[in-house]
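S.K.: Predicted model follows, preceded by the sequence.
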Amino acid sequence: MTLEILTPEKKLYSGDVYGVQLPGITGLFEVLDKHAPLVSALEKGNIKILKSKTTFENFSISGGFVEVLNNKATVLVEDVEEA
């Protein structure tokens, strides 16, 4: 699956990943390879990028949106920090 994390200023992350955990407005959820199409609002919390089953990277966001389509997840956020 391809993941992109975008802010208004720059592309923060782009690459192939095993999956991603996201802070949805109704709770934490995970998107893995070949996930069904999805659009969701995100609240303040942490994005956990699962680079493999044992390797991950965290980012802290203030909120945003995610779109999953054709095995690509695009995360749009206003403010992000590496956690």
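M.R.: The structure has been received and is ready for your questions. Numbers count the residues shown, from 1 in each chain.
S.K.: Name the residues of the helix or strand of the chain with the lowest mean pLDDT that come out as buried.
M.R.: Counting by mean pLDDT, DSSP states H and E, the weakest-scoring helix or strand in the chain turns out to be strand 80-82, with a mean of 81. By neighbour count on 16 or more other C-beta atoms under 10 Å, the buried set for strand 80-82 is V80. To be clear about C-beta, it is placed using only N, CA and C from the backbone, and glycine gets the same treatment.
S.K.: 29 is where my numbering starts, stick with that
M.R.: From this message on, residue numbering opens at 29, which makes the last subject strand 108-110.
S.K.: now that strand, how far from the chain's geometric center?
M.R.: Counting by C-alpha atoms, centre = their mean, to the nearest Å, strand 108-110 is centred 12 Å from the centre of its parent chain.
S.K.: quick one: strands adjacent to that strand?
M.R.: Strand 108-110 pairs in its sheet with strand 84-89 (antiparallel), by DSSP bridges.
S.K.: For G52, which non-adjacent residue is closest in space?
M.R.: S68 (5.3 Å; C-beta to C-beta, 6 or more residues apart in numbering).
S.K.: where's the one you found relative to N98, distance?
M.R.: 16 Å (C-beta to C-beta, to the nearest Å).
S.K.: more crowded one of those two?
M.R.: Legend: neighbour count by other C-beta atoms under 10 Å for S68 and N98, higher for S68 (17 against 8).
S.K.: Tell me what the more buried one is bridged to.
M.R.: For S68, the beta-bridge partners are V94 (DSSP bridges).
S.K.: related to what we said a few turns ago, which residues touch the least confident helix or strand of the chain?
M.R.: Counting contacts by C-beta atoms under 8 Å, 6 or more residues apart in numbering, the residues outside strand 108-110 that touch it are I33, T35, L40, I75, E85, N86, F87, S88, I89, S90.
S.K.: And the strands in this structure?
M.R.: 30-34, 39-44, 47-52, 55-60, 66-70, 73-78, 84-89, 92-97, 100-105, 108-110 (DSSP state E).
S.K.: show me what contacts A69?
M.R.: Contacts of A69 (C-beta under 8 Å, 6+ apart): G52, I53, G91, G92, F93.
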